[in-house]
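K.L.:
sequence? don't have it. structure:
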């Protein structure tokens, strides 16, 4: 009976109006060795991952509450993280979105997201696998990192956010990147010089052609990501945003850098 009371304190059901219910995970799981909660069942609405403790008001540990959505689990609508809390989706299904706010974190390793992913505020999102049926948005000062998985439509950065892509996106055909409002995207890989001209082994910004002088830049490039996935991407840039291409140094360049480092160490020893 005592354990049952503790669990119901930490996992609450919030009713909004007469129909909308939210499953709120708001503290570490006292019955789990690592403190995380596992969703391997069906939730008939949204689930939020937050941190609240009546014993320590205003104090948020890092990490906070953690939730894992696994195979066999499904959420009718959204899975959302706040504060220093986080979710890991390694399997299962969400009918809506994956969302991160505040200093929350989200990780997609597997399963299917029925709609899209959004990162807000100073949160972080990692896409390593799985399927995003529609698109990925990054807002505010958030950061989104894409190293694998499948994204149905486009990736967009907005409002000072940062997106880093090293694999996954654009491997199913030509897809779009949108960089808006002082945000930035960094693509790491090997790029086809047929579309970009003379490439150097250093990060550089890519522009394209200007759309009738209105400050919108469009272009197209192909190549291979750092993880070995081939891609074909169209892009649009405006409002002081940028897309940065970061070529991977060739093996001979890395060897020269290593030799240079050894010579510097020998010189310091003398």
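P.N.:
Great, that's in hand. Please read all numbers here as calculations on a predicted model, not as lab measurements. Numbers count the residues shown, from 1 in each chain.

K.L.:
what's the distance between the closest residue in space to residue 93 that isn't next to it in sequence and residue 131?
P.N.:
Counting by CB to CB, 6 or more residues apart in numbering, residue 93 lies nearest to residue 74, which is 4.4 Å off, once chain neighbours are set aside. Backbone N, C-alpha and C define where each C-beta goes, glycine included. Note on residue 74: its distance to residue 131, by CB to CB, to the nearest Å, is 14 Å.

K.L.:
these two: which is more packed in?
P.N.:
residue 74 (20 against 15; other CB atoms under 10 Å).

K.L.:
can you list phi and psi of the more buried one for me?
P.N.:
Reported as degrees, to the nearest 10, the phi and psi values for residue 74 are phi -150, psi 150.

K.L.:
what lies in contact with whatever helix or strand residue 37 lives in?
P.N.:
Element membership for residue 37, per DSSP states H and E: strand 36-39. Residues outside strand 36-39 that contact it (CB atoms under 8 Å, 6 or more residues apart in numbering): 11, 25, 28-29, 32, 47, 65-70, 73, 75, 92.

K.L.:
the helix or strand that contains residue 87 pairs with which strands?
P.N.:
If you go by DSSP H and E, residue 87 is part of strand 86-89. Here strand 86-89 is paired, per DSSP bridges, with strand 66-69 (parallel), strand 105-108 (parallel).

K.L.:
who's in contact with that strand?
P.N.:
So strand 86-89 is contacted by 49, 63-69, 79, 81, 98, 104-111, 113, 130 (CB under 8 Å, 6+ apart).

K.L.:
how is this protein divided into domains?
P.N.:
For the chain, the structural domains run 1-134, 154-270, going by automatic domain parsing.

K.L.:
comparing those domains by mean pLDDT, which bottoms out?
P.N.:
Among those, domain 154-270 has the lowest mean pLDDT, at a mean of 74.

K.L.:
quick one: the helices in this structure, in order.
P.N.:
Taking DSSP state H to define them, one finds helices in the chain at 2-10, 193-196, 251-269.

K.L.:
just give me the neighbour total for residue 246.
P.N.:
17.

K.L.:
who touches residue 225 in this structure?
P.N.:
165, 166, 167, 168, 171, 187, 188, 189, 231.

K.L.:
can you spell out which residues form a bridge with it?
P.N.:
Beta-bridge pairing of residue 225 under DSSP bridges involves residue 189.

K.L.:
same thing with residue 47?
P.N.:
Applying DSSP bridges, one finds that residue 47 bridges with residue 23, residue 79.

K.L.:
would a markdown table of the strands paired with strand 86-89 with distance to residue 41 be doable?
P.N.:
Converted to a markdown table, the strands paired with strand 86-89 look like this (distance: least, CB to CB, whole Å):
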| stretch | distance to residue 41 |
| --- | --- |
| strand 66-69 | 10 |
| strand 105-108 | 20 |
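
K.L.:
of all those strands, which lies closest to residue 242?
P.N.:
Smallest distance to residue 242 across the strands paired with strand 86-89 (CB to CB): 24.7 Å, for strand 105-108.
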